[in-house]
Every structure is written in structure tokens, then in C-alpha cells.
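Trainee: How does the following fold in three dimensions:
(one chain, ligands or ions: 1)
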Amino acid sequence: MPELFDPVKVGSLELKNRLMRSATWDGAADSDGAVTDEAVALYRELGEGGVGLVVTGHAFISPLGQATPLQYGIHTDHMIPGLSRLVEAVHRGGAKITTQITHCGVNSGYLRQQGTPLKVVSFREGAESPQEELTDAEIEAIIDDFASAARRAVEAGFDAVQLHGAHAYLMAQFLSPLSNQRTDQWGGSNSKRRRFHLEVIKRVRQVVGNDFPLMIKFGAHEAREGGLSLEEGVDMAREMAEKGIDGIEISVGDARNSIPRLAEDDSEEVLFRDKAAAVKKAVTVPVMLVAGIRSLEMANDVLESGDADLISMCRPLIREPGLPLRWQQGDLQPAKCISCNKCMPRNGRVLECGEERRIREETSSV
Ligand SMILES: Cc1cc2nc3c(=O)[nH]c(=O)nc-3n(C[C@H](O)[C@H](O)[C@H](O)COP(=O)(O)O)c2cc1C
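Mentor: Okay, here's the model as predicted:
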């Protein structure tokens, strides 16, 4: 039975253990998307903290794909030297690192605030704002941008590339029957809605080669009526694995529940375990489970049950980058993270972590 600190392979990528840091926007890029000294320090701490694989914060592949301020960019060759510093910082601690490449499509609060016109995958009846659809040529150009970003990732020395196919960003927008109601080659049937993903995978593979590890964070279902069903998500996972994806991190396709808050009684809720288990039955590539895992006991329970092959964490490693090492050294207390979401960006600023529990403890002791 595999346990958290057992090694694992994802495609050709050899990891010292089965714990990965899920992609995390950290607001540590500069206003052009370049890596700063603050970012290098953060990644050094993560690399030394004992995790097997670090996924960077999502890095935008083109200016119109930027989702948040102070987000890493992988949209020009000028970004490569800075990104190499992140790679070096993580490698120094003995961990591996993949970048996550993303295009946010129409879901960029940041660009909208700046008045940048954003195009939708498909026009929706009754939408509040005027909507312009992406043209065929624009879609082709975005796919090329994914491939160029992957080429930069290889040049920067990353060990792998992860595509961001979750949380209502562009890839998820193409796959969703709600946001993709096109009637051309990019939509109109299950197989046409899948085309964008499959083209991205094909063109990235052409650039990075067949052996370079390529993963996806995948919205395997949508928590909205009429959205992507788990059944279709599972079948899509199977097809992606057949067509060149080496590992699938399971999350949700829409934004709802992508960063679930804690249960009232602080219990450890692992929302996507059944989704990961369903995908796992359909594929032979490693499946990663993210969201809500806070204890070594739960992590090992998931691995031993065979519901997933790797455990992925975000917020616990914001609070405690050294959590994996702490567990390995025998302090088995669960993560200190209470999923209060104070680490979420507010106007580009990360608030103080743990504030919610402190307030609750103070009020309950009165
Ligand atoms: C501050 C913050 C930034 C995040 N940035 C990203 C990101 O860049 N890409 C991504 O796929 N998910 C991102 N997420 C979602 C996490 O990777 C993860 O899926 C989610 O937080 C659930 O895992 P957790 O319960 O271990 O935190 C972010 C979450 C937080 C709290």
C-alpha cells in the first residue's frame, strides 16, 4: 500500500514522495509578471519544506490571459531567467517543480477592472454585458500561446508543465456545456467541446516532445445545473490520458467550491475524493487529489484506498511551507490551516492567515 512519503513516478518525472503543493497565486510577481526576490525566497522555503513537487502559481500565457494582479507571466522570453530562479530555488531543497500555464478567458476580474474588453467562448442569451465571441483565428493563436509557454517552461528548466483546466478559466470554459454553446468545430457536441483541450495537448507535445512530463489540473465536473457531468469529465480524463497527459489533478470546472471553506465543526472535508476515485478507475496515469486534506492520516487513507496516487495541498503550505518535513520528523499534528481563506487575494493583498480561528476562539472564551 503506498504511503505519503513513498516515491512515485508521473510520466518520466520521479518524485521523492506523493505530496505536491497545488498551484498557488502568491502575488509575488512584479507588475509585468516577472519573478521577484520575494518569490525566490518563497519557493526556496517550499523546496526545503519536504514536499515532492511544487506547482507554481498559474502563469499567464498571453496578456489577455492574465487573471490576477502580480501574477507570474510566461508570455515572453524575457520571463525565462526569472522563472529559472524559481526552479533553482526549489531544486536546491531537493524537490521538483512544474509551472502551471493558464489563460483565464473571460474570467479576469483584473483585466475587466482595467476596462480591457474580454471575449467569450460563446454568446449567452440574457448576458448583462455585450459579448463578443472568440474567432477561429483567435482560438488558434491562443493554442499556439500555450505551446510557446510550454517551450519557455522547458527552457527555464522546469521538470514538468501543468495545464490549468479547472476553476472556470479558458480550458474549463471550452469544456462546459453552459459556457460553450458554439455551433462550429469548437462546440455543439461533447467531442467538439473537447477539441480545445486536445489541440492544446497536441501542440504542447509537439514542442516539448513525448517524454517531457505534462499534467493537467482538471475540472472533472461542474457544481452547476446543466454543467459538465462527472460522467463526461471521467471520459474526458480517459481521452486526455490516451492522448498525452501524464497526470491528472482533480478539481472542479466552475469557480464554486474550487477553494472550499472549512466545515463549521472544523472536520476534514475532502470534497473531490469520489470524483478522483471515479477518474482513477478510468485511467492508468497518476491521479492527484486536492482540496481539504489536512492530516497525514487522511492523506494515507486516500492513498491506501487507491482513490488517488498523490495528495495535493495549497493553503496548508501557505501557512506552513515546512509541513511535510514536520510530519516526516514525527510531529503528526494536522496542518494548522483552517481554510479560513484569509490567504486569498483581496485587491492584490494577502490578508493575515488564521484570523478567523483566532476571532472564533476569542469570542467563544468570552
Ligand atoms: C491564495 C490561493 C491561490 C490559488 N492559486 C491557484 C492557482 O494559481 N491555480 C490553481 O489551479 N489553483 C489555485 N488555487 C486553488 C488551490 O490550488 C487548491 O485547488 C484549493 O485551494 C483547494 O486546496 P486546499 O484545500 O489544499 O487549499 C489557489 C488557492 C488559494 C487559496
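Trainee: Report the contact partners of residue 295.
Mentor: 268, 332, 334, 335 (CB atoms under 8 Å, 6 or more residues apart in numbering). Any C-beta I mention is one placed from the backbone N, CA and C, and that applies to glycine too.
Trainee: just checking, next helix/strand downstream of the one helix or strand residue 274 maps to?
Mentor: In this assignment (DSSP states H and E), residue 274 forms part of helix 273-282. Downstream of helix 273-282, the first helix or strand assigned by DSSP H and E is strand 287-290.
Trainee: I'd like to know which elements that next one is packed against.
Mentor: Strand 287-290 is packed against strand 247-251, helix 273-282, strand 310-313, with contacts defined by 3 or more CB pairs under 8 Å, 6 or more residues apart in numbering; DSSP states H and E.
Trainee: next one: phi and psi at the residue in the stretch 151-300 of the chain that the ligand sits nearest to?
Mentor: The nearest approach of the stretch 151-300 of the chain to the ligand comes at residue 291, 3.8 Å away (CB to the nearest ligand atom). Dihedral angles of residue 291 (phi, psi; degrees, to the nearest 10) stand at phi 90, psi 110.
Trainee: related to what we said a few turns ago, show me the two of the contacts of residue 295 that sit farthest apart.
Mentor: 268 and 332 (13.8 Å; CB to CB).
Trainee: between those two, who's got more neighbours?
Mentor: residue 268 (16 against 11; other CB atoms under 10 Å).
Trainee: ok, and the more buried one, which helix or strand is that part of?
Mentor: Applying DSSP H and E, one finds residue 268 in no helix or strand.
Trainee: Provide a list of residues in contact with it.
Mentor: When contacts are taken as CB under 8 Å, 6+ apart, residue 268 is in contact with 292, 293, 294, 295, 298, 334.
Trainee: Do you know the pLDDT at it?
Mentor: Looking at residue 268, its pLDDT stands at 85.
Trainee: picking that back up, kindly supply the ChimeraX command isolating those of the contacts of residue 268 that are buried.
Mentor: Selection of buried members from the contacts of residue 268 for ChimeraX, criterion 16 or more other CB atoms under 10 Å:
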select :292,293,294,298,334
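Trainee: Can you flag which of the contacts of residue 268 belong to helices?
Mentor: Of the contacts of residue 268, the ones assigned to helices by DSSP state H are residue 298.
Trainee: Make a markdown table out of the contacts of residue 268 and add distance to residue 215.
Mentor: Converted to a markdown table, the contacts of residue 268 look like this (distance: CB to CB, whole Å):
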| residue | distance to residue 215 |
| --- | --- |
| 292 | 20 |
| 293 | 18 |
| 294 | 23 |
| 295 | 25 |
| 298 | 22 |
| 334 | 27 |
